[in-house]
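1. Predicted model follows, preceded by the sequence.
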Amino acid sequence: MKQIYCEECSCSIDSKDDLIIASRFFIPVAYHRACYAEVLKGLKTFFVDNVPINGAAATLTSFFSVIIWALFMLTSMEYKILWTILFLTLPIYRLLAWYLFERHVPDEKSEEFINKM
Ligand SMILES: [Zn+2]
């Protein structure tokens, strides 16, 4: 399993609960929860987006974007490329964040489960 390191303190991130993925100039970067809070307080907040990509809001928005995109694809004959770019940017970005970071960081629940066995 690939080790994920915090962009701020360079220590490894060992739990999904502690992982925050934010975008910096449209590039997803990983932070500890506490380090992300520090980044938002400091001057770097101008460069780092204040909505985590792996948060519930982004996941929910991605889900509904895909549904709306599918409806547009079924009904609209024109501007299909425009609707695709408009509605699928966030879901693809969310998927990229999962692929690059989230899948490598163990879930705390699964670790507890392994310890019980
Ligand atoms: Zn950190």
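-> All right, it came through fine.
2. and residue 66, what does it touch?
-> 87-88, 91 (Cβ atoms under 8 Å, 6 or more residues apart in numbering). The C-beta positions use only the backbone N, C-alpha and C, and glycine is treated the same way.
3. A helix includes it, no?
-> Yes - the assignment for residue 66 by DSSP: H, G, I helix; E, B strand; the rest coil puts it in a helix.
4. ok, and the closest non-adjacent residue to residue 104?
-> residue 2 (4.4 Å; Cβ to Cβ, 6 or more residues apart in numbering).
5. related to what we said a few turns ago, any chance of a PyMOL selection covering the buried ones in the contacts of residue 66?
-> In PyMOL, a selection of the buried entries from those looks like this (16 or more other Cβ atoms under 10 Å):
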select buried, resi 87+91
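6. need the contacts of residue 66 in a markdown table with secondary structure, can you?
-> Shown next, in a markdown table, are these (three-state DSSP):
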| residue | secondary structure |
| --- | --- |
| 87 | helix |
| 88 | helix |
| 91 | helix |
